[in-house]
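# Need a 3D model of the following:
(2 chains)
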Amino acid sequence: MANGAALEQNTTALWGGGRQPFGVSYGKMMMWFFLLSDALTFSGFLTAMGMYRFKYETTWPIAEDVFTHFPFLHGEHPLLFVALMTFILILSSVTMVLAVNAGHKMNTKGVILWLGLTIVGGFTFLGSQAWEWYHFINGDKGAIITESNTVMYVTPLEGEKAGEIISMYELITGQEKPHGDHSEFRTADMIAAFGLNENMTLRMPGKGVDGQAITLDRAAALQELKNAKILQGANMRANEYGNVLFADFFFFVTGFHGTHVFSGVVLNIIVFINVLMGTYVRRGHYEMVEKVGLYWHFVDLVWVFVFTFFYLV
Amino acid sequence: MSDNNAYPSEHHEGPEGTKWIWKVFWILLIVTTVEVVLGIIKPAALTDTHLLGTSLLNVIFIVLTIGKAYYIVAEFMHLGHERKNFMWTITLPIIVLIPYLTFILLTEGGYMNTLMNM
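Residues are numbered from 1 along each chain as shown, chains lettered A, B, ... in the order given. You can find the predicted model right below:
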């Protein structure tokens, strides 16, 4: 009977079947199962992008031609800004583990400090992502879009810049594009400038065949240009970087990840307020910090894969 | 309705102190730095060597990424210190399904590419 009474008391600690499955609490296990399904969702997006990238293998835009900006720095710095974003997210993951660690020791001050810093890291990442989107949407060099909706870059036939992308600014004004310039140009000016500059031709985005981007000769370029339009910036229907799906996947994958970061920050703030109010001291444990911590690390984990498959490979 | 928050999960002894956290941080930071440096200089020796249908450089990127993912999941998310049956319950579907989906979609993408160029 004594044993029975002890069991009776403990049923609140146990799941319906009388024991904790896997030695994990209900909330923590459900968080893990949610993350498992979310991982499959993200892998669906990334593999779908891989499929179209394989389909348009030769003309799929190269990330280094697209993401070249770094705040306050002139010139082209591919990869640097995303590397910084990755660093911010890893750092905020570290502060989150430190918060969970402090929670295990019932150290409220430690949880407040580290969880607070995690929230700051989350906002910093979101700000960086807004900056990245701003530059992606506004565009950089500009391109042309032909009647058949093919995007092509302007490039010199000969000279030291042969094969490199010439900005619309440089084509039309003859001067190098100033840092952060977003002036819009007219199609007529582009066609006139292209016609006058005998050294200019068009090339396709992407790595091309055997590492050589597909480049038109001057006559074919003039032919393509007849009904072409100037294209600056990016939206869901067309973008100056190349294939329309490239920008669509960019908006969708990084946007979905950003939504996760945002909801992670919101969850962290809710738990932070509860920490301040002493909710978890009264409850006797800080497992809620651990549960939102799992979600926060997952956001970092997804970014590791987005970083590789969107920017590196 | 029982209160699901009344009792926490069974406690599993992880490493003591905070030293291990910083160790994982340095591993993640160094691996990321290596990836960025390789991505910027793109050594010809690595881009021109082919392995498993892509360049050696891409294979290195993917291996390093999975390495980073392992440290985040096993250490930061503490899954490596949970009971083994729980660990496999979470990781096995991912280990099986994601490579399977990747294989199917990339094969299909390659086939669409061949069709387009016919």
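# Can you dump the C-alpha atoms of the host helix or strand of residue A:223 in CSV for me?
Taking DSSP states H and E as the criterion, residue A:223 maps to helix A:218-225. The C-alpha atoms that make up helix A:218-225 are tabulated as CSV, following Å, rounded to 0.1, in the frame of the first residue of the first chain:
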residue,chain,number,x,y,z
ARG,A,218,28.3,41.3,-81.0
ALA,A,219,25.8,40.7,-83.8
ALA,A,220,23.7,38.2,-81.8
ALA,A,221,23.8,40.6,-78.9
LEU,A,222,22.4,43.5,-81.0
GLN,A,223,19.7,41.1,-82.3
GLU,A,224,18.7,40.1,-78.7
LEU,A,225,18.7,43.7,-77.6
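# can you pull the buried residues of it?
For helix A:218-225, the buried set under the neighbour-count rule, 16 or more other Cβ atoms under 10 Å in any protein chain shown, comprises A:221-222, A:224-225. C-betas here are computed from N, CA, C, even on glycine.
# And for stretch B:87-95?
Neighbour-count burial for stretch B:87-95, with 16+ other Cβ under 10 Å as criterion, is recorded at B:87, B:89-90, B:94.
# Please read off the pLDDT at residue 8 from the model.
If you meant another chain, say so; for now it's chain A. Looking at residue A:8, its pLDDT stands at 45.
# my bad, the chain I had in mind was chain B
Spelled out, the predicted local distance difference test score at residue B:8 is 69.
# picking that back up, list, out of the buried residues of stretch B:87-95, those positioned next to chain A.
The overlap between the buried residues of stretch B:87-95 and the neighbours of chain A (Cβ under 8 Å from any Cβ of the partner chain) comes to B:89-90, B:94.
# Enumerate every residue touching the closest residue in space to residue A:239 that isn't next to it in sequence.
With Cβ to Cβ, 6 or more residues apart in numbering or on different chains as the measure, residue A:247 is the residue that lies nearest to residue A:239, at 3.8 Å, once sequence neighbours are left out. Contact analysis of residue A:247 by Cβ atoms under 8 Å, 6 or more residues apart in numbering or on different chains lists A:136, A:234-236, A:239, A:241.
# where does the host helix or strand of residue A:247 sit relative to the chain's centre, distance-wise?
For residue A:247, the host element (DSSP H and E) is helix A:244-249. Per Cα atoms, centre = their mean, to the nearest Å, the displacement of helix A:244-249 from the mean C-alpha position of its chain is 13 Å.
# Ok, stretch A:263-275 next?
How far stretch A:263-275 lies from its chain's middle: 23 Å, per Cα atoms, centre = their mean.
# can you check stretch A:147-159 too?
Distance of stretch A:147-159 from the chain centroid (Cα atoms, centre = their mean) equals 27 Å.
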